[in-house]
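Peer 1: I would like the atomic coordinates for the input below:
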Amino acid sequence: MRLLSVVHLNSDLQITKARRAKNKAAKLWFRTRVRSRAFTIVSNDCWGSPVYPALGLSYQTPFVGLFLWFDCYLALLSNFQSLMGSSLRFTNSSRYSVINQRREQGILRCDYPIGILGDEVEIHFLHYPSEAEARTKWERRSSRMSFDQDKIFVRFAATEAIPTLAEMSAFDALPYRHKVMFLGAEEPRIKSAICIPSGDGSLQTPANLYQDDFMFRSPYFDLANWLNGGDGKPRGLYKVLTSAMVTPSDLDRRERLRAEQLVPIDS
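Peer 2: Numbers count the residues shown, from 1 in each chain. Below you'll find the model as predicted:
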């Protein structure tokens, strides 16, 4: 029994080392491929957080360590520059009963700050210990943002509640040159949709899309291509190399990481 445990441990260590090596190689290639170092990622959750550190940059977006419910995110994107210029205030509870329930049940932290922009958009600062820190980092990172249409990249993923077809269509119609919607299944009616399979056929995407395994060597989305102005669909050499890099152990890991939370770096 002890021998089997040692064998399993050694096997796990080898898999971990191999994964780290693949992630390191993928990050280095990502750095060489991304042409611009001036861009703003807008996301409804933590997804953009690893991109700037991977490129050796300070955050050029305040959308780090937080999340927005879809209708608030849609409202923000529909009046983006005006709302981003409004003052941030805080509230003790959410307008969404499901979020309040999760906070009460301990599924989400009960004490994280909830911000409000323009009396209509809730921002959930999940990874911030206080309102003061949330405000300081929001304002500092907002000051680095670009509102240039060529430099702003908008992304949504259905990791929580699944939006209706009308809501997805409203996102699809937003006038952003670079936008993408991650869904867990194919939805041909949505032009900006990229399918990242859920495994159960639902539109809900895996929760760990910000992990290195899927950020920099995803077989479903070419991040560097998207940041270079492309559509993000894997092609050519990228498709060949990422297909070789992703193994069954990586895909199994996706399920083990569904509930993990990313702690943002302090920049």
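Peer 1: could I get the average pLDDT for stretch 64-72?
Peer 2: The average pLDDT within stretch 64-72 is 94.
Peer 1: excluding its backbone neighbours, what's nearest A38?
Peer 2: Spatial nearest neighbour of A38, chain neighbours left out: K151 (6.0 Å); criterion: C-beta to C-beta, 6 or more residues apart in numbering. Quick note: C-beta positions are derived from backbone N, CA and C, even for glycine.
Peer 1: for that neighbour, what are its contacts?
Peer 2: Neighbouring residues of K151 by C-beta atoms under 8 Å, 6 or more residues apart in numbering: S36, A38, F39, T40.
Peer 1: can you do 7 Å?
Peer 2: Going by C-beta atoms under 7 Å, 6 or more residues apart in numbering, K151 touches A38, F39, T40.
Peer 1: would you format those as TSV with neighbour count included?
Peer 2: As requested, the contacts of K151 are exported to TSV (neighbours: other C-beta atoms under 10 Å):
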residue	neighbour count
A38	11
F39	24
T40	21
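Peer 1: any chance of the backbone angles for L76?
Peer 2: With angles defined as degrees, to the nearest 10, L76 sits at phi -60, psi -50.
Peer 1: so it sits right up against S82, yeah?
Peer 2: No. Taking contacts as C-beta atoms under 7 Å, L76 lies outside contact range of S82: 9.9 Å.
Peer 1: more neighbours, the two?
Peer 2: For L76 versus S82, the count of surrounding residues by other C-beta atoms under 10 Å is larger for L76: 22 against 11.
Peer 1: what helix or strand is D71 on?
Peer 2: Assignment of secondary structure by DSSP states H and E places D71 within helix 70-78.
Peer 1: what does that helix rub up against?
Peer 2: By C-beta under 7 Å, 6+ apart, the residues outside helix 70-78 that reach it are 44, 68, 83, 117, 120-122, 154, 156, 161, 163, 167, 170-171, 174.
Peer 1: and which of those is nearest to C110?
Peer 2: Nearest to C110 among the contacts of helix 70-78 is E122, at 16.0 Å by C-beta to C-beta.
Peer 1: so what's the closest one up against?
Peer 2: Applying C-beta under 7 Å, 6+ apart to E122 gives the contacts L68, W69, C72, S94, R95, I114, I116.
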